[in-house]
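S.K.: No letters, just coordinates:
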Ligand SMILES: C[S@@+](CC[C@H](N)C(=O)[O-])C[C@H]1O[C@@H](n2cnc3c(N)ncnc32)[C@H](O)[C@@H]1O
């Protein structure tokens, strides 16, 4: 199920052509060539807008891949900010550091190779923004950890929360029993919505982006 009509999705992305840089285009070409699930241009720009609107200086990413989403956060926090990237794959870390160095954004990047939630436990909260994009089965645990690490007034942002529509049962011909990833995302979305310390909304761009602001 497409959340957004592909023609509208293309229109949204095309609005950001002014932000093209050789490194950004190279990162996007790598995703297309390898089928790697980066957030893409529309959500990337949205991440930067959110981080800038929150005045973010300290950001943690749970699941950074090779640095595409970090590219946008690094722009938002500026050279004196911090973006803590995490990924279990050291090859992703090496690629990210190479791309972000060539983009002039390396100064604000701290890349931690390892399990994102273990890394988060070792970091020093609070953070202005915690972004979650790890394996979907880990979403409930990621939320439990992240919700404590965000400062009051800060943001929890999470990708893929509509999961190609599978959170509502998907297409009619799909099996009725949700798989592990879908069940975990549904549980995650329920917990975020029911947490009275946060006000949250799901922005239905690409695969659904959860944005939750900490109120108390
Ligand atoms: C969807 S990709 C991230 C894409 C990235 N946010 C972007 O848009 O450029 C998910 C990444 O999270 C990593 N990952 C999955 N589970 C993880 C975990 N528990 N801890 C750390 N990294 C994890 C994977 O290796 C993969 O690179």
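M.R.: Structure received. Note that the coordinates shown come from a computational prediction; the quantities given were computed from them, not determined experimentally.
S.K.: Report the contact partners of residue 205.
M.R.: Residues near residue 205 by C-beta atoms under 8 Å, 6 or more residues apart in numbering: 3-4, 9, 12, 42-43, 46. Glycine gets a C-beta too; all of them are placed from N, C-alpha and C.
S.K.: okay if I get those as CSV plus pLDDT?
M.R.: Formatted as CSV, the contacts of residue 205 follow (pLDDT from 0 to 100):
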residue, pLDDT
3, 93
4, 93
9, 93
12, 96
42, 97
43, 98
46, 98
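S.K.: Out of those residues, flag the one nearest to residue 185.
M.R.: Residue 185 has its nearest neighbour among the contacts of residue 205 in residue 3, at 13.3 Å by C-beta to C-beta.
S.K.: helix/strand/coil for that closest one?
M.R.: coil (DSSP: H, G, I helix; E, B strand; the rest coil).
S.K.: swap in residue 86?
M.R.: strand.
S.K.: my guess is residue 87 contacts residue 67, does it?
M.R.: No: between residue 87 and residue 67 there is no contact, the gap being 9.0 Å when judged by C-beta atoms under 8 Å.
S.K.: Common neighbours of the two, please.
M.R.: Both residue 87 and residue 67 are in contact with residue 96, where contact means C-beta under 8 Å, 6+ apart.
S.K.: More neighbours: which of these two?
M.R.: Shown here are residue 87 and residue 67; by other C-beta atoms under 10 Å, residue 67 has more neighbours (31 against 27).
S.K.: before we move on, the earlier item: neighbour-wise, which of the contacts of residue 205 leads?
M.R.: Greatest neighbour count in the contacts of residue 205, by other C-beta under 10 Å, goes to residue 43: 25 neighbours.
S.K.: wait, what's in contact with the closest residue to that residue other than its chain neighbours?
M.R.: Distance criterion C-beta to C-beta, 6 or more residues apart in numbering; nearest residue to residue 43, sequence neighbours excluded, is residue 206 at 5.2 Å. Listed by C-beta under 8 Å, 6+ apart, the contact set of residue 206 reads 3-4, 9, 39-40, 42-43.
S.K.: go again using 10 Å as the cut-off
M.R.: Contacts for residue 206 were tallied using C-beta atoms under 10 Å, 6 or more residues apart in numbering; they are 2-4, 9, 12-13, 39-43, 46, 159-160, 162, 164.
S.K.: out of those, who's near the ligand?
M.R.: Among the contacts of residue 206, proximity to the ligand is found for residue 39 (C-beta under 6 Å from any ligand atom).
S.K.: Let me see the ranges of the helices in this protein.
M.R.: Counting by DSSP state H, the chain has helices at residues 6-14, 22-34, 40-53, 68-77, 90-102, 116-122, 139-149, 180-194.
S.K.: What residues of the lengthiest strand in the chain count as buried?
M.R.: When the chain is parsed with DSSP state E, its longest strand is strand 150-158. Buried residues in strand 150-158, counted by 16 or more other C-beta atoms under 10 Å: 150-151, 154-158.
S.K.: so what's residue 106 up against?
M.R.: By C-beta under 10 Å, 6+ apart, the residues touching residue 106 are 67, 74, 79, 96-100.
S.K.: actually residue 168, not the one I wrote
M.R.: Contact analysis of residue 168 by C-beta under 10 Å, 6+ apart lists 1, 162, 182, 186.
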